[in-house]
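Undergrad: turn this into a structure:
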Amino acid sequence: MFIMSNFIEAVAKILDVGLTLYMWIIIIRALISWVNPDPYNPIVMFLYRITEPVLSLVRRWIPLRGLGIDISPIIVILVIIFLQSFLVKSMVQIAIHLK
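TA: Reported below is the predicted structural model:
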């Protein structure tokens, strides 16, 4: 069972790193949106391509157009923090229990 335990623990660590990286990408995109970036800049295009599917999904589920500010990045960051606190920690605890 130690092999399955190590596998689950490795997946949990990779998931944690991936979620942290995506959270920073969301933060960078939100900060860049404040300064009116060049839409043809490759970095800006990459940031929009990688974040827009998730942000548009949140905008569709929670229509908050009347606020005048886009809070979808905040909602996505809160979901990421929840996943790190619940899912990743649960996977680590399952891995520890299997040892």
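Undergrad: can you give me the helices in the chain?
TA: Along the chain, counting by DSSP state H, helices occupy 2-33, 42-61, 72-83, 89-98.
Undergrad: now those as CSV including mean neighbour count?
TA: Where you see a C-beta, it was placed from the backbone N, CA and C, and this is true even at glycine. Putting the helices of the chain into CSV (neighbours: other C-beta atoms under 10 Å) gives the following:
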stretch, mean neighbour count
helix 2-33, 14
helix 42-61, 13
helix 72-83, 16
helix 89-98, 14
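Undergrad: could these go into TSV alongside mean pLDDT?
TA: Output for those, formatted as TSV (pLDDT from 0 to 100):
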stretch	mean pLDDT
helix 2-33	95
helix 42-61	94
helix 72-83	96
helix 89-98	94
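Undergrad: how far is stretch 69-87 from where the chain is centred?
TA: 7 Å (C-alpha atoms, centre = their mean, to the nearest Å).
Undergrad: let me redo that: stretch 61-76
TA: On C-alpha atoms, centre = their mean, the centre of stretch 61-76 falls 16 Å from that of its chain.
Undergrad: how much space between Met91 and Thr51?
TA: Taking C-beta to C-beta, to the nearest Å as the measure, Met91 falls 25 Å from Thr51.
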